[in-house]
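*Asks:* just to be clear, the model below is a prediction. Sequence and coordinates:
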Amino acid sequence: MEYTEFESSTKHIETCQDIVKKKAKIIIIGPGAIGCLLTSYLFLSGADPILVDYDPGRVTHISKKGLWLERGGSNRVCIRPRMMTLAELPDDGYDFVVLCVKTYSLESLMPRLERIVGHGCALVTIQNGIGYWETIKGHFKDTPLVLCTTSQGATKSGVNRVFHAGEGPTFVGPYGAGDLREVEAAHHLVEILNETSIEAAYKEDIYPLLWRKLLVNCAINPITALTRLKNGEIVRDQGLLALQRKVIYEVLALSREVGVNLDLTRDEAEGLVLDVCKKTRDNTSSMLQDVLKGSQTEIDYINGAVVEMGKRYGVDVETNQILTSLVKALSKKHIDKTQSL
Ligand code: KPL
C-alpha cells in the first residue's frame with residue numbers, strides 16, 4: 001500500500017516557513033477524531049500544532065508511531081506532530097487553545113487550563129451540542145472565545161489513526177459580535193484554517209449555525225447510535241427518514257420559540273440533514289463511536305439539551321425525549337455490563 005510519511009516536524013516546518021506568514025502557536029486539546037483531523041491538516045499546511053492528551057501512554061504511543069490521516073484506499077499520510085500531556089505543556093504565549101474534548105469534559109477541564117491560557121490567547125471551541133460556551137465564559141470571562149462548528153466527517157480508526165470520511169463546511173465566529181478581540185481572533189483562525197484543506201468561513205452571528213449543527217446532530221447521532229448504521233445508511237430506510245423528520249420539526253419549532261433564526265423551511269432543514277448524511281455517508285457518527293467504545297455519549301448536550309429547553313419554552317419535543325431516553329439506556333446497559341465483568 002502506498003503512503004507518504006512526514007518525518008520529524010522541525011525539518012518540515014523550516015521548509016514551510018515561507019508558506020506560513022505568521023505562525024500562530026496552536027494547541028489542540030483532545031486527540032479524538034476532530035482533534036486529530038485538525039492537527040493533521042494544520043501540520044500538513046506547515047503550522048506546528050501541539051496535540052494534547054491527558055493520557056501519557058497514548059502520548060508516547062502516538063509520538064512513537066506517528067499519527068495517520070487516512071482518506072480512503074491507499075490515500076493516507078503519517079505525520080509526527082508534537083504531542084504532550086497538559087502537565088508537560090510549557091506555559092508560554094499561545095495564540096489559540098482549541099478545545100476538541102467531549103462536551104461533558106469541559107467543566108472539569110477549565111481550571112486545568114488556567115496555567116496555559118495567558119494574555120493574548122484565544123479559546124476556540126468545536127464541541128457538539130448547545131450552551132456549552134457559557135461553561136467556558138463562566139471560567140474565562142476576559143479571554144476571547146471563538147466558536148466553531150464543522151460538519152467534517154471524521155472517525156478514529158485506531159489510537160493513532162483518523163479516517164477523514166467526508167467534507168463538510170466549517171464556520172467560525174466570535175462569542176460576542178461586539179467584542180473586537182473575539183472578532184479578530186475568529187478572522188485569524190479562518191485564515192489559518194484556509195491555509196489547510198479544511199475550508200472555513202467567518203460568521204459574525206454564529207449562533208444560528210450552531211443551532212443548525214444541533215439540528216443535524218439531533219437528527220443523525222442518536223439514530224445511528226441506536227441502529228449502529230453509518231450516516232449514509234439512514235437515507236435508505238423510509239422509517240428512519242420519517243423518524244428523522246419528526247426530530248427536525250421539533251428542533252425547528254423550538255428554535256423559533258427560543259428566538260434563533262435558522263432561516264430554514266421544513267423542507268430546507270430536511271435537505272440540510274440529508275445532505276450531511278450523504279456527504280458523510282461512510283462516517284460512524286461520534287455518538288455511535290462512543291456507544292461502540294462503551295464511553296459516555298453527548299446525548300445530554302444534543303437531544304437532551306433540546307428536551308430541557310423544550311420544557312422551559314413549552315415546546316413539544318417528544319421524539320427527542322424518546323431518543324434521549326433510549327440512548328441513555330443503551331449507554332447505561334453498556335456501562336453496567338462493563339462494571340459486572
Ligand atoms: O457531527 C457529526 C457527528 O458525528 O457528531 C456528524 C456531522 C453527524 C458527522 O458524523
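*Replies:* Cool, the structure landed. Numbers count the residues shown, from 1 in each chain.
*Asks:* how about the helix or strand containing residue 306 as CSV, C-alpha atoms only?
*Replies:* Element membership of residue 306, judged by DSSP states H and E, is helix 303-313. The C-alpha coordinates for helix 303-313 follow below in CSV (Å, rounded to 0.1, in the frame of the first residue of the first chain):
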residue,chain,number,x,y,z
ASN,A,303,-31.2,15.8,22.1
GLY,A,304,-31.1,16.1,25.9
ALA,A,305,-30.5,19.8,25.7
VAL,A,306,-33.4,20.1,23.3
VAL,A,307,-35.6,18.3,25.8
GLU,A,308,-34.6,20.6,28.6
MET,A,309,-35.2,23.7,26.5
GLY,A,310,-38.5,22.3,25.3
LYS,A,311,-39.7,22.1,28.9
ARG,A,312,-38.6,25.6,29.6
TYR,A,313,-40.2,27.1,26.4
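*Asks:* what does the protein put close to the ligand?
*Replies:* Those residues of the chain that sit near the ligand, judged by C-beta under 6 Å from any ligand atom, are 128, 151, 153, 216-217, 220-221, 231, 276, 280, 283, 285-286. In short, each C-beta sits where N, CA and C put it, glycine included.
*Asks:* where does the prediction get shaky in the stretch 1-150 of the chain?
*Replies:* By pLDDT under 70, the low-scoring segments of the stretch 1-150 of the chain are 1-22.
*Asks:* if we go to 80?
*Replies:* Counting by pLDDT under 80, the stretch 1-150 of the chain shows low-confidence ranges at 1-22, 92.
*Asks:* how about the closest residue to the ligand within it, what does it touch?
*Replies:* The ligand sits closest to residue 128 of the stretch 1-150 of the chain, with a gap of 5.3 Å, by C-beta to the nearest ligand atom. Neighbour list for residue 128: 103, 213, 217, 221, 286, 298, 301, 302 [criterion: C-beta atoms under 8 Å, 6 or more residues apart in numbering].
*Asks:* tell me who's in contact with the fourth one.
*Replies:* To tie it back to what came earlier, the one meant is residue 221. Contacts of residue 221 (C-beta under 8 Å, 6+ apart): 128, 285, 286, 287, 288, 298, 299, 302, 303.
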